[in-house]
Every structure is written in structure tokens, then in C-alpha cells.
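Engineer: generate a structure from the sequence data that follows.
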Amino acid sequence: MSDKVQLAIKGLSYSQTQSGAYALVLGEEGGNRRLPVIIGGFEAQSIAIALEKEVEPPRPLTHDLFCTFAENLQTTLKEVLIHDLKEGVFYSMMVFDHQGQEIVLDARTSDAVALAIRFQAPIYTYHSILDKAGVVLDDKSDSRTNPATAAQSKPSKSLEQLHKEMEEAVQNEDYERAARIRDEIDRYSH
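Structural biologist: Model (predicted):
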């Protein structure tokens, strides 16, 4: 469908509107509109771990298990489509290929994105959804952290020390702490 717009993950931060929730920011490819999606802590941790290529959890997370299961059944995720928005809730579908047969499954957007990262599958939405729920941000406010946090100075710990702490947090399955450390590491590049 020509109305589809490809999205990329632009940020993951603590939600300023809902306690215990996170904001996943998806941005349109080649544009400046962003789609903020409020997600739960578990899904945020899963997405953060999948984005962090250097760290592997000691045991598979639920999304990793699903990915391994699908691959063993010769099934791949072709794409994720955020296809609807009702009362502030995004609705998504995952399009799989199973031995040449297309299978479409309904999914929470957070789970669909967590799997898209693992399968390296594209994420799409429609222009109408971006028109309805998208926000326009300048490129300077684009970061994987809260914009207020990103504006702070560089971390006081060394990059090597932060990587070591993140590895320890993952080994201890403290993914929330690992995500915070990852955000500190990201500030080195700003």
C-alpha cells in the first residue's frame, strides 16, 4: 500500500506522563515526524537489550524465545504495521512468512517492535496515523534518552567502566539498570 511510511526507532525514555511506563519514539524515514508510543517496563527492557548489540542476556527473554521458536519453524517476520489508533492505543500487526505462506497476527505495538528488532524487519505505519498522533521534532531533540537528560554533560564515569557495569547489570538480569547505563553510554556520542 502506497500510504505506508517506514519508521525507525529514534528513542526510548522514561515516560513523563505515566509512572512506571516508558516512551518509545518511532520516527518516519526521511521526515521529521515522530510517533511516541507509551509501553511497559518489561517491553522497554526487551527493546533496549535488543538494541544493545554488545550485551546478551544470560537467559533468553520472552521475545528472544519467540524469535528462536519462529526461526526453528522456518518462519520469519517480514514486517510490522502499526495500522490503527483508537482512544490513544496503537494497534499493530505482524506479517510473517512461513514457508511461502503469509501469516498476519495481531500484536501489541511494543511486542511487535521488540520482535522487529530481533528479526531485523521493517516497521511501518500509515500517513493518517502520523497525521493524527505524530509530533514534529527537530533533529537536535532526537536521542535515545529523555531530551532533558541528553542535554546534561557527559557522564562522569569512563566509557570502559560504564560498559563493564552494563554487562554486570545484564548478567544479574537487571535490565532497567542496564537501560539507564546504556543511556549514559549514549551521552558520550552527543
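Engineer: all contacts plus neighbour counts: C-alpha atoms, from now on.
Structural biologist: OK.
Engineer: strands along the protein, start to end?
Structural biologist: Secondary structure of the chain (DSSP state E): strands located at 4-14, 21-28, 33-40, 75-86, 89-98, 101-108, 123-126, 135-136.
Engineer: what strands line up against the first one, and which way round?
Structural biologist: With DSSP bridges as the test, strand 4-14 is paired with strand 21-28 (antiparallel), strand 123-126 (antiparallel).
Engineer: pretty sure Leu77 contacts Gln99?
Structural biologist: No. Under the contact definition of CA atoms under 8 Å, Leu77 does not touch Gln99, with a separation of 11.7 Å.
Engineer: of those two, who's got more company?
Structural biologist: Leu77 (24 against 10; other CA atoms under 10 Å).
Engineer: beta-bridge partners for that one, please?
Structural biologist: Bridge pairing for Leu77 - DSSP bridges - gives Phe96.
Engineer: from Ile103, how far off is it?
Structural biologist: As for Leu77, its distance to Ile103 is 9 Å (criterion: CA to CA, to the nearest Å).
Engineer: got it, and Ile129?
Structural biologist: Ile129 is 23 Å from Ile103, where distance means CA to CA.
Engineer: which one of these two is surrounded by more residues?
Structural biologist: Shown here are Ile129 and Ile103; by other CA under 10 Å, Ile129 has more neighbours (17 against 14).
Engineer: remind me which residues of this protein are low pLDDT?
Structural biologist: Applying pLDDT under 70 to the chain flags the ranges 1-2, 17, 137-157, 159, 163, 173, 175-176, 179-180, 182-190.
Engineer: swap in 50 and give it another go.
Structural biologist: Filtered on pLDDT under 50, the chain yields the residue ranges 1, 139-155, 190.
Engineer: check whether Ile9 really touches Gly27, as I assumed.
Structural biologist: Yes. Counting by CA under 8 Å, Gly27 is a contact partner of Ile9 at 6.3 Å.
Engineer: these two: which is more packed in?
Structural biologist: Remark: of Ile9 and Gly27, Gly27 carries more neighbours, 25 against 20, as counted by other CA under 10 Å.
Engineer: ok, that one touching Leu35?
Structural biologist: Yes. Gly27 is within contact range of Leu35, at 6.1 Å (criterion: CA under 8 Å).
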